[in-house]
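Student: sequence plus predicted model, see below.
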Amino acid sequence: MNLNNCPECGRAHLGSGLCRECLAGLEREFERLREYLRGNPGAQLESASEATGLPTAKILKFLKEGRIRVSSPATPPPAREIQAPRPAPRQEDAVKKRTAAHHPRSTPGRHFRQGK
């Protein structure tokens with residue numbers, strides 16, 4: 001491992017990316033945002049930023065990383081809305097790919113009930 005400086009705080013640490021303290025802080029911020037979004041589904045970016053104290057740039061970073069996603073209502077709102085995060089998007093994609101390979105006629109998002 002190489003000795004590097006944390007891009008957030010500048011401390012020297014082993015490895016790449018954020019140091020442990022900054023990574024832990026980032027996770028605490030994400031948890032604060034996630035709890036807010038769970039209690040306020042469809043919250044707008046600006047209101048989530050004000051309520052959590054996180055800058056909109058950091059919320060947008062979580063969005064780009066796939067940790068949260070933008071909702072898509074039937075009519076577009078005046079400001080962007082965000083939804084609570086989905087667990088493990090990579091795993092979800094893998095399941096969709098495996099399902100599509102075994103069931104080529106199935107349509108993603110459609111669920112069927114078993115008949116009696």
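Tutor: Okay, I see it. Residues are numbered from 1 along each chain as shown.

Student: so what does the top helix by length along the chain touch, helix or strand wise?
Tutor: For the chain, the helix with the greatest residue count under DSSP state H is helix 20-39. Contacts defined by 3 or more CB pairs under 8 Å, 6 or more residues apart in numbering; DSSP states H and E place helix 20-39 against helix 45-52, helix 56-64. Glycine gets a C-beta too; all of them are placed from N, C-alpha and C.

Student: in it, what counts as buried?
Tutor: Buried residues in helix 20-39, defined by neighbour count with 16 or more other CB atoms under 10 Å: 22, 29, 30, 33, 34, 36, 37.

Student: circling back to that earlier point, looking at the helices and strands packed on helix 20-39, which is nearest to residue 6?
Tutor: Closest of the helices and strands packed on helix 20-39 to residue 6 is helix 56-64, at 16.1 Å (criterion: CB to CB).

Student: which residues touch that closest one?
Tutor: 29-30, 33, 45-46, 48-49, 52, 68-70, 82, 85 (CB atoms under 8 Å, 6 or more residues apart in numbering).
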